[in-house]
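In: the amino acid sequence is not available; the structure is as follows:
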C-alpha cells in the first residue's frame, strides 16, 4: 500500500511538472504569457478537468513559498536607502489607493443590497492585488527596475502591510469581535513588533557572520541550505507573529541587500522561486470550482465585471490625481485590477468570524480566481490597444547591406572612445545604436550611425556582422549585452566578439556567453588613477607601475577562479584593509560562535 501511495504521489509530481513545462512555453510563444499558461494548465489537470488532483488548496499552500521567495529576491534589490526613498510611494500612494479602493468596492455590495459589513469584506478582498501575478508580469515586461514598476511594487508592499490590520478588523466585525479584549489586541501587536525587531537585529548582526562562516567551509550545498533557511525562517517568524510571510521574506532580503553574499543568495534561491511560483499559478487554476460558478454564474459574472471595472477606474483616478501620466495610469489599472491571494486569507477569516457563510466564501473566492485569470488577457488587450510608444525614427536610416571592417553595437561614451584609434588606423566602422535621439545627435559630430537593435539577428546581418573582422559590444545594458553576445556567437561563430562589461559579475556572464575578450568599463581608468595616486604620494614611477602590473596578474588569476567557481571563489586573493587585530578578533568571534554552536548541539542531542 505504501508503495502504491508513493507511486501515486510521484505520478502527481510528474503531471504537475509536465503541465507547466508544456503550457508555459506555448502560451508565452503565442503572446499570452506564462502566467495564463500555468492557470489554464491548472484548470485542465484539476478536479474539474482531468481530475489528476482533488485538493488544489494543498498545492497552493506549498507553492505560496514561491511568492515568498520572489519577495525575498525583490528585497535583495532594495537597499535600505532605496527603500527609504520609496516611503512616499509606499505610505502615500499605496495608502491612498488602498483606502479609496476599499471605499469604492464596498459601495458595490451596498448598491446590490448586501449588508455593509458583508460588502466591506467582499470589496476589501478584491482590493488586495495579486503580488504573484503582478510581479511576474512586471518581470516578463522588463519593468521591475523602472520607475513605474517601482511605484507598483510600493503599492503592493503597502497592501502586504495592510493585511494585518484588515484581519484584526474582520475579527472585530465578526459575531464575537466585541468579546476580543483590548489586552489581546495589544498582545498581538506587541508580538508582531517584537518579531520584526528580532528579524531586523538578526539581519544586521547575525546573518553576515553566519554566511562568512559557512563560506569558509567550502560546502556549496550548505550555502544553498542556509539561503533557504533565511527565506523560510523569516517567513515563518512573520507568519507566527501574525504578519505576512511575504513581508518577512522581503524584509530579510532588504537586510541582506548590502551583504557581500547578495549575488550568491540570489543565485541559490532563483531556481526554487521559479518552480514554486509556477506551482502556485497551477494551484490557483486547479482551485476554480466550476460547480459553484455554474450555480451562481450570474452573481459571479456581474461581480467580476463590477469589481474589476470599478477597481481599474479607481486605480486610474488615484494615479492621475497624484500626477501620473495617462499611459502609466492605464497600464497600472490593467495590471492591478484583479484580486489576489491575500483575499483567500481574508475571506477565510471572515468565514470563521461568521461574516461569510460557506457558499458566499466559495463564490467570492471563485470571483478572485477568475479575475486573476483575466488579468493577463487584460494586459494583452492593453498592449494591443496602447502599444509601447515607439521612438521617432523619421529620417533615420536602418542598416542594409552595410560592409565594415568592424561592427560596433552601442555608440555611447564608451563606443565613441573605442572608435577613435580604429578610425585613425583606417578601419571602416559599421555603427548601430537603438537610441533614436542619440543617432541624430551623432550626425552633428560627423558619425554615420544606423538605427537598430543589436539583439535582433536581422539587424546584425544587415549591419555586416557576417563579414566583419570583429564585433564590439559596447552597450550599457548588462542583460542586453549578454543577449547580444549569445546571438552573435550563435549566428557568427567565427567572428571575434569583444565586449564592455559593467562589473565582475557581468564580465563572468559575458565569458560564459562566449565572448573572446571583455573588460570592465572602469578597470583601466581605475588602475591609471591608482598609479597616479601612488606617484602623487611620493612613490617612484617604476614602483607604481610595478604595483599596478602585480595587481593585473593577481586580478587575472582571481577572475579565472571566479569564472569556474562563482563570484566569491577568489576572495582569498583580495587585499583587505582590516588590521591584524581586527582579523584576530574576527577569527576569535568565529571560533567562539562555532564552539557555542557545538555545545548547544551537544546539549540538544
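Out: Received the coordinates, thanks. Because the structure is a prediction, the values reported are computed rather than measured.

In: can you show me the helices along the stretch 101-250 of the chain?
Out: Per DSSP state H, counting those that start in this stretch, the stretch 101-250 of the chain carries helices over the ranges 116-127, 131-140, 147-173, 182-205, 207-217, 220-240, 245-255.

In: which one of these lies nearest to residue 457?
Out: Judged by Cβ to Cβ, the one of these that comes nearest to residue 457 is helix 131-140, at 21.3 Å. For every residue, glycine as well, the C-beta is placed using N, CA and C.

In: check the residue lying closest to residue 230 once chain neighbours are set aside and give its pLDDT.
Out: Nearest residue to residue 230, sequence neighbours excluded (Cβ to Cβ, 6 or more residues apart in numbering): residue 252, at 5.7 Å. Here the pLDDT value assigned to residue 252 is 76.

In: how about residue 200?
Out: For residue 200, the pLDDT comes out at 75.

In: now swap in residue 309 and tell me
Out: As summarised for this prediction, residue 309 has a pLDDT of 93.

In: so who does the residue nearest to residue 230 touch?
Out: By Cβ atoms under 8 Å, 6 or more residues apart in numbering, the contact list for residue 252 reads 72, 75, 199, 203, 230, 231, 234.

In: check the gap between it and residue 207 for me.
Out: With distances taken as Cβ to Cβ, to the nearest Å, residue 252 is found 8 Å from residue 207.

In: give me the common contacts of these two.
Out: In contact with both residue 252 and residue 207: residue 230, using Cβ under 8 Å, 6+ apart.

In: what's the burial count for residue 311?
Out: 26 (other Cβ atoms under 10 Å).

In: if you skip the residues just before and after it, what's nearest to it?
Out: Using Cβ to Cβ, 6+ apart, the closest residue to residue 311 is residue 337 (5.1 Å).

In: check residue 309 too.
Out: Nearest non-adjacent residue to residue 309 (Cβ to Cβ, 6+ apart): residue 337, at 7.9 Å.

In: hmm, residue 315 and the one you found touching each other?
Out: Yes. Counting by Cβ atoms under 8 Å, residue 337 does reach residue 315; the two are 6.9 Å apart.

In: what's the spacing between the nearest residue to residue 357 once chain neighbours are set aside and residue 517?
Out: Nearest non-adjacent residue to residue 357, counting by Cβ to Cβ, 6+ apart: residue 351, 7.3 Å away. Distance of residue 351 to residue 517, given as Cβ to Cβ: 63 Å.

In: and these two? Which one has more around it.
Out: Taking neighbours as other Cβ under 10 Å, residue 351 and residue 517 compare with residue 351 leading, 20 against 12.

In: if I look at the more buried one, how far off is residue 289?
Out: Taking Cβ to Cβ as the measure, residue 351 falls 15 Å from residue 289.

In: same question, residue 323
Out: 42 Å.

In: would you mark the buried spots in the helix or strand hosting residue 414?
Out: Using DSSP states H and E, residue 414 sits in helix 413-424. For helix 413-424, the neighbour count (16 or more other Cβ atoms under 10 Å) marks 414, 415, 418, 419, 422 as buried.

In: please name the residues that touch the second one.
Out: Meaning residue 415. 408, 431, 433, 472, 474 are the contacts of residue 415 under Cβ under 8 Å, 6+ apart.

In: same thing but 6 Å
Out: 408, 474 (Cβ atoms under 6 Å, 6 or more residues apart in numbering).

In: check the first one too.
Out: Residue 414 makes contacts with 474, 500, 521, as judged by Cβ under 6 Å, 6+ apart.

In: ok, the residue nearest to residue 357 touching residue 361?
Out: Yes. Taking Cβ atoms under 6 Å as the definition, residue 351 is a contact partner of residue 361 at 4.7 Å.

In: which non-adjacent residue is nearest residue 159?
Out: The shortest distance from residue 159 to any non-neighbouring residue, by Cβ to Cβ, 6+ apart, is to residue 128 (5.3 Å).

In: got phi/psi on the one you found?
Out: Torsion angles at residue 128 (phi, psi; degrees, to the nearest 10) stand at phi -80, psi 100.

In: residue 323 and residue 289: which is more packed in?
Out: Counted by other Cβ under 10 Å, residue 323 and residue 289 do not tie: residue 289 has more neighbours, with 18 against 7.

In: what sits against that one?
Out: With Cβ under 6 Å, 6+ apart, residue 289 has these contacts: 362, 366.

In: give me the mean pLDDT for stretch 529-536.
Out: The model assigns stretch 529-536 a mean pLDDT of 87.

In: contacting residues around it?
Out: 544, 548.

In: what comes up buried for that stretch?
Out: 531, 534.

In: and if you look at stretch 115-135?
Out: Using 16+ other Cβ under 10 Å as the test for burial, stretch 115-135 gives 117-135.

In: and the pLDDT at residue 70?
Out: Residue 70 carries a pLDDT value of 67.

In: the one 3 residues further on too?
Out: Residue 73 is assigned a pLDDT of 71 by the prediction.

In: part of a helix, is it?
Out: Yes. Applying DSSP: H, G, I helix; E, B strand; the rest coil, one finds residue 73 inside a helix.

In: quick one: it from residue 268, how far?
Out: Per Cβ to Cβ, residue 73 is found 10 Å from residue 268.

In: check residue 503 too.
Out: From residue 503 across to residue 268, the span is 20 Å (Cβ to Cβ).

In: who has more neighbours out of the two?
Out: residue 268 (20 against 14).

In: I'd say the more buried one and residue 227 touch.
Out: Yes. Here residue 268 reaches residue 227: they are 4.1 Å apart, a contact under Cβ under 6 Å.

In: so which helix or strand takes in residue 96?
Out: Secondary-structure assignment from DSSP H and E places residue 96 in helix 94-111.

In: if you could redo that for residue 35, that was the one I meant.
Out: Using DSSP H and E, residue 35 sits within helix 34-45.

In: thought the residue nearest to residue 159 was touching residue 343?
Out: Yes. Taking Cβ under 6 Å as the definition, residue 128 is a contact partner of residue 343 at 5.5 Å.

In: still on that earlier bit, can I get the buried residues of helix 413-424 in TSV including distance to residue 379 and pLDDT?
Out: Below are those laid out as TSV (distance: Cβ to Cβ, whole Å; pLDDT from 0 to 100):
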residue	distance to residue 379	pLDDT
414	35	87
415	35	86
418	40	87
419	41	87
422	44	86
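
In: hmm, which two among those are most spread apart?
Out: 414 and 422 (13.3 Å).
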